[in-house]
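> Compute the structure for the input listed below.
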Amino acid sequence: MKNPLKSVSFWFAIIGILLFFWGGVMHEKVHQAIFKSYGIDSKIEYLKEFPDMVTIGEELCPENTNCELAHNINEAISYNLDSFYFLIYFGLLAIIFILENKGEKNEN
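Sure thing, here's the model as predicted:
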């Protein structure tokens, strides 16, 4: 049996997990930038709501602005792209895993 630390699929999976968390951080940074563009200070809670990350503005979005719309667009785009990225990522992971195990069988 192959050492998992020498496995390409193992490291590809680790990189995928890290990219997933990085994507969450970037999603919240966009919310923070939206608040900032309307002059609202905000903070990101990474662990308080674990496993969710939350951006909390010091005040609500001003009325008669597109602030809420900008937040909703961020949600719509980010969450739908996540599903697309998951499909691509797990497809690649499956292909790498199959090719890696096929090569291992041929060596024996």
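> What segments of the protein are strands?
42-45, 54-57 (DSSP state E).
> For V30, which of these is the nearest?
strand 54-57 (8.7 Å; CB to CB). The C-beta positions use only the backbone N, C-alpha and C, and glycine is treated the same way.
> picking up where we left off before, turn the strands of the chain into TSV, columns for mean neighbour count and distance to L92.
Below are the strands of the chain laid out as TSV (neighbours: other CB atoms under 10 Å; distance: least, CB to CB, whole Å):
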stretch	mean neighbour count	distance to L92
strand 42-45	15	30
strand 54-57	16	30
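> Make a markdown table out of these and add distance to H71 and mean pLDDT.
Below are the strands of the chain laid out as a markdown table (distance: least, CB to CB, whole Å; pLDDT from 0 to 100):
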| stretch | distance to H71 | mean pLDDT |
| --- | --- | --- |
| strand 42-45 | 11 | 94 |
| strand 54-57 | 9 | 93 |
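> Please name whichever of these is nearest to H27.
strand 54-57 (8.8 Å).
> what pairs with that closest one, and is each one parallel or antiparallel?
strand 42-45 (antiparallel) (DSSP bridges).
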